[in-house]
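A.B. asks: Pasting the sequence and the predicted coordinates here, then a few questions.
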Amino acid sequence: MNIPEGLFYTKEHEWVRIESDMATVGITDHAQSSLGDITFVQLPAAGADIQRSSAIATVESVKAASDVYAPLSGEVVRVNEDIVVNPEIVNQSPYEKGWFVVMKVKGLFEKQGLLAPHEYKKYLDELSE
Amino acid sequence: MKLIFEKSVRSRTGFSLPGPDVPRKGDIDIRYTRKHQALLPEVSELDVVRHYTNLSHMNFSVDNNFYPLGSCTMKYNPKFTEKIACMEGFSDIHPLVPQLLGGGRLSQGALEVLYNMEMFLCEITGMAAFTMQPLAGAHGELTGIMLISAYHKDKGCRRRRVIVPDSSHGTNPASAAIAGYEVKVVKTGPDGCMDMRQFKDALDKDTAAVMLTCPNTLGIFNPRIKEITDLAHSAGALVYYDGANLNAIMGKCRPGDIGFDLVHLNLHKTFATPHGGGGPGSGPVGVAKELVDFLPVSRVMKRPAGAFYLEYNNPKSIGYIAPFYGNFSVILRAYAYILILGREGLTRVSEYAVLNANYCLCRLKQHYDIAYGRRCMHECVLSARRQSENGVRALDIAKFLIDKGFHPPTIYFPLIVKEAMMIEPTETESKETLDKFIEAMIEAAELARTDPGKFADMPATTPVRRLDETRAARELNLRWRPDAG
Amino acid sequence: MSYIPHTEEQSRQMLEAIGVSSIEELFNEIKPQLRPRSFDIPQAMSEQEVVSCMRRLALKNVTSLKNFLGAGFYDHYIPAAVDMIAGRSEFYTAYTPYQPECSQGWLQAIYEYQTAICQLTGMDCANSSLYDGGTAIYEAAMMAIRVTGRTKIIMDSGLNMIYRTMLYTYMSNLNIEFVETPVIHGQSSRDEIFRHLDEKTAAVITQNPNFFGAVDDHSDIVEKAHSAGALAVISVYPVSLGMLKTPAEMGADIATGEGQSLGLPLSFGGPYLGFIACKQALTRKMPGRIVGATVDKDGKRGFVLTLQAREQHIRRERATSNICSNEALCALRSGIYLSLLGRSGMENLARLNYDKCEYTKDCVEKIPGIKVKRSSPTFNEFTIALNRNADVVAEKMIDRGFAPGFPLGKFYKGMNNYLLVAVTEKRTRQEIEQFVQALEKVL
């Protein structure tokens, strides 16, 4: 399972890259692998206000459907139209080309609730027991 | 095979309508008419018959193949019920006839079937009354949830939560959510039954109901079931029985006797009406005394003199679940099935359903992981976990079975078992059939050990090979278009 | 006779393999206090006895009445080929096609049915069936609520009262605001609909032809609904679509209807067939099973159930609907029926229904004491105003061998003297004339 350094993670299998007050959000390698071939992605509208832990996107595969939750509160600045047109990008490149949204973060203190890479790895190990 | 649309030849017709025997008046105003004809097929009757007959040869069906789909009860559909469903007095009655003044006397036979069926189902399940309206099992669940909601509202309570075990059929939480309830999921313990501690913690003043099936989807009868229903009742919650597994306990146990307040049955499972490729079904709902007032209208009642009539005057009723009285011709078939089986027959059904499933379990348990316990009821759950270590998953074993002429068991359900395979042979299958199936399953386990790579090419004997389901969901093609070619 | 093939010897062998001495032992978990308090089902019967018993019951139902009763469910002729094909047990004893490789027959048949419904309604995409026309409207309303995030539904009272009642029943727990708008001179009241249309409206639901048989063009209602950000749902009578403007041509987002008229017997209330079809943009929001085309590993065309991620067996409490079993066999019948009738047959059928109804209207109008409602054109059903209670007239007509129609007082306040009369291609000129004569005598 690929868990790159330099990112934060959530128990719902999202990753976040934080650069000053902007955050890029996507789903982890574990998530794309358990879903299988992703067939459909629904993204929020640019400008949408989002609360931490609320569902902001939906991902569907042939055998499952999942919500993607906001790891932080803020406002959606940009969404990745590429993955709507070609959902397989999320499978192929979950941490780079397969990003979901870029958001302007409202409460950076919420960062404390996120997991560091080694914490996320530990969490995944616990899950597979 | 070509689509019927692709077999069209311009201006060919397949059906002779009578000529107009009345003078033709003017056309309807053009602003109300369609601009272009509907591009339906243009084929002859022979084309149609040949086309569909050939399609029918590309299907597995109970009449062709062993179909041990767990949770679906694919038992043999007795043919005499088809004969009955076609009787003119049953197939041609307009449903509004008994609602006309003087119309009741024209449909006494049909009303009697509905009334008697209600009586039978009450006796089989130990409930006080039934509604035959729900048109499928899931529809029955939704009806049940609505009855539960009406009951609590009538008491002035606003309870918002429904408890389901994590082993439940997907329609249980879906029905609860659709009707506006929050769903609280309780884990299954190592014994294969709902975890009692978690259940007690989850149960509170906000619990409207608990939805269970017994035996559960793992094929296990919970010996503490009465304790569960008692606990629910003392918390003021109702208990709902998902009747999908009734085939295991007829004559042995009645949900009404062990504390269930509502029950839905699947006539297309337990009562042998045909599955029809996915429907129509029928999901009648039975209730305990306290819920009778809330049942949908109309209800079929009997006058002292013996005549049957429709009662609409039930002010607390939740309303209409179906346009009329339920899927009548499905109910008719199930009624005839109960008549032919009788008391002894229904009991034997459960006895042999349980015998068959246990036979499969005991002969396969060295070859596959068993989810829980040494015994089961009418269905057993195996796991292909061992085989998956060699890269052979439940899906692959399913495709192997197809090549052997067996419809695979249910796979990947219940969700709590990895690589689950749920086998429900039903009582109508012989020992010879089971033995052949067991041999095939053992062969699959062997092959998974010795030559796992072979599975990727299966099935090889069907009209099509493995299909690209990802492509089907990414590039939606849900209908033929003339320009598509 | 329980269709159980086991011999004594086989049962013994199986019990031995399992390691128990009797079948009863397999039920040990069910303790004595959990056993049935009673199980008073009659004794078993032979096939012959059951058939005879059922025949006696069937004969207690009268089917010899000449049927002028419609109200959403119609007496049409069903070609013999429909019964024969749908009666093939390879179709009717199969299960839902979850294993596509061994269910191509069913999957292709449903794909063809979906296509036929799209052709008939003009819409982009249809599902594989819902229970009936009423639950189809409910599912359409739920789609609209989910898509718009709004909670108000405007329903025209020309929509079958049975369906309106079903909608109230299904949605009673959901905090939905319902508005019913009147039908005036047979047409949906635009003033009332437009008055209520606002930013809280999820959908406007109308029916064409409406319950009174009146035909209309709802394009203006659809347009106004769209400008308010609401969806337009139209419930249609499929046979009429051989002639009438389609929901797609009116711009509707979702078309629903009852498919009973497409090759299903009246069958005392069921099984019936709910069809639902929608615009491309709403495809992923549609409930129920949907068949899609794809290819197999050899590049050959094949069919599968697709978009299953929306369904209950995957999404569970977040499913688009709880529907599992549907009306597949009924959809098959309709697919066969539409293939037999075909492109020109559908048009001719509609024409026949329309002409016979117009003729009946003209004849009935000549009867003193009857007024035929002519404020709107109709398709194959029309409303007449009698000079006395319609229930009583209907009863007298039954005595004369006719199911004369549906007394509207049952569903509409103040309409006790109104009768809804339906005429299909099955009614011969002779039957129509006898009907008119009988009606004249009764009045």
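C.D. replies: On my side now, so go ahead. Numbering: from 1, shown residues only, chains lettered A, B, ... in the order given.
A.B. asks: Report the contact partners of residue C:117.
C.D. replies: C:123, C:126, C:275, C:277 (CB atoms under 8 Å, 6 or more residues apart in numbering or on different chains). From N, CA and C alone the C-beta is placed, and that goes for glycine too.
A.B. asks: For these, which entry has the maximal number of neighbours?
C.D. replies: residue C:275 (32 neighbours; other CB atoms under 10 Å in any protein chain shown).
A.B. asks: ok so, going back, just put the contacts of residue C:117 in JSON lines and tack on distance to chain A.
C.D. replies: As requested, these are exported to JSON lines (distance: CB to the nearest CB, whole Å):
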{"residue": "C:123", "distance to chain A": "21"}
{"residue": "C:126", "distance to chain A": "19"}
{"residue": "C:275", "distance to chain A": "24"}
{"residue": "C:277", "distance to chain A": "20"}
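A.B. asks: Helices - which of the residues you listed land there?
C.D. replies: Using DSSP state H, no member of the contacts of residue C:117 falls within helices.
A.B. asks: Between those residues, which sits nearest residue B:129?
C.D. replies: residue C:275 (32.8 Å; CB to CB).
A.B. asks: Tell me how many other residues surround the closest residue in space to residue B:399 that isn't next to it in sequence.
C.D. replies: Closest residue to residue B:399 apart from its sequence neighbours, by CB to CB, 6 or more residues apart in numbering or on different chains: residue B:458 at 4.1 Å. Residue B:458 is flanked by 22 other residues according to other CB under 10 Å.
A.B. asks: wait, what's in contact with residue B:458?
C.D. replies: Residues counted as contacts of residue B:458 (CB under 8 Å, 6+ apart) are B:396, B:399-400, B:402-403, B:466.
A.B. asks: one step back: from the contacts of residue C:117, which two are the most distant?
C.D. replies: Maximum pairwise distance in these, criterion CB to CB, is 9.9 Å, between C:123 and C:275.
A.B. asks: Quickly list what's touching both of the two.
C.D. replies: In contact with both residue C:123 and residue C:275: C:117, C:255, using CB under 8 Å, 6+ apart.
A.B. asks: gap between residue B:336 and residue C:52?
C.D. replies: 11 Å (CB to CB, to the nearest Å).
A.B. asks: Which residue of these two possesses the greater neighbour count?
C.D. replies: Comparing residue B:336 with residue C:52 by neighbour count (other CB under 10 Å), the higher total belongs to residue B:336, at 27 against 11.
A.B. asks: What strand or helix carries the more buried one?
C.D. replies: Following DSSP states H and E, one finds residue B:336 within helix B:328-364.
A.B. asks: Using PDB, write out every CA atom in stretch B:171-188.
C.D. replies: The C-alpha trace of stretch B:171-188 is given here as PDB (Å, rounded to 0.1, in the frame of the first residue of the first chain):
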ATOM      1  CA  THR B 171     -33.100  -4.200   1.600                       C
ATOM      2  CA  ASN B 172     -33.500  -4.000   5.400                       C
ATOM      3  CA  PRO B 173     -31.400  -0.800   6.000                       C
ATOM      4  CA  ALA B 174     -32.500   0.600   2.600                       C
ATOM      5  CA  SER B 175     -36.100   0.300   3.500                       C
ATOM      6  CA  ALA B 176     -35.600   1.900   6.900                       C
ATOM      7  CA  ALA B 177     -33.600   4.800   5.400                       C
ATOM      8  CA  ILE B 178     -36.100   5.400   2.500                       C
ATOM      9  CA  ALA B 179     -38.800   5.800   5.100                       C
ATOM     10  CA  GLY B 180     -36.800   8.400   6.900                       C
ATOM     11  CA  TYR B 181     -35.200   6.400   9.700                       C
ATOM     12  CA  GLU B 182     -31.600   6.400  10.900                       C
ATOM     13  CA  VAL B 183     -30.000   3.000  10.800                       C
ATOM     14  CA  LYS B 184     -27.900   1.600  13.600                       C
ATOM     15  CA  VAL B 185     -25.900  -1.400  12.700                       C
ATOM     16  CA  VAL B 186     -25.000  -4.000  15.300                       C
ATOM     17  CA  LYS B 187     -22.100  -6.400  14.700                       C
ATOM     18  CA  THR B 188     -22.300 -10.200  14.600                       C
END
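A.B. asks: Would you mark the buried spots in it?
C.D. replies: Residues of stretch B:171-188 classed as buried under the neighbour-count rule (16 or more other CB atoms under 10 Å in any protein chain shown) are B:171-179, B:181, B:183-186, B:188.
A.B. asks: centre of the chain versus that stretch, how much separation?
C.D. replies: Centroid separation for stretch B:171-188 versus its chain: 18 Å, with CA atoms, centre = their mean, to the nearest Å.
A.B. asks: With stretch C:210-220 instead?
C.D. replies: Averaged over its C-alpha atoms, stretch C:210-220 has a centre that lies 19 Å from its chain's centre (CA atoms, centre = their mean).
A.B. asks: Is the most centrally placed residue in chain A within a helix or a strand, and which one?
C.D. replies: In chain A, the residue lying closest to the centroid (CA atoms, centre = their mean) is residue A:26, at 2.7 Å. Taking DSSP H and E as the definition, residue A:26 sits inside strand A:22-27.
A.B. asks: Narrow the contacts of residue B:458 to those in helices?
C.D. replies: Short answer: the contacts of residue B:458 in helices (DSSP H) are B:396, B:399-400, B:402-403.
A.B. asks: could these be laid out in JSON lines, adding neighbour count and pLDDT?
C.D. replies: Below are these laid out as JSON lines (neighbours: other CB atoms under 10 Å in any protein chain shown; pLDDT from 0 to 100):
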{"residue": "B:396", "neighbour count": "25", "pLDDT": "96"}
{"residue": "B:399", "neighbour count": "23", "pLDDT": "96"}
{"residue": "B:400", "neighbour count": "23", "pLDDT": "97"}
{"residue": "B:402", "neighbour count": "20", "pLDDT": "97"}
{"residue": "B:403", "neighbour count": "16", "pLDDT": "97"}
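A.B. asks: What is the burial count for the nearest residue to residue C:433 once chain neighbours are set aside?
C.D. replies: Nearest residue to residue C:433, sequence neighbours excluded (CB to CB, 6+ apart): residue C:363, at 6.9 Å. The local packing of residue C:363 (other CB under 10 Å) involves 19 other residues.
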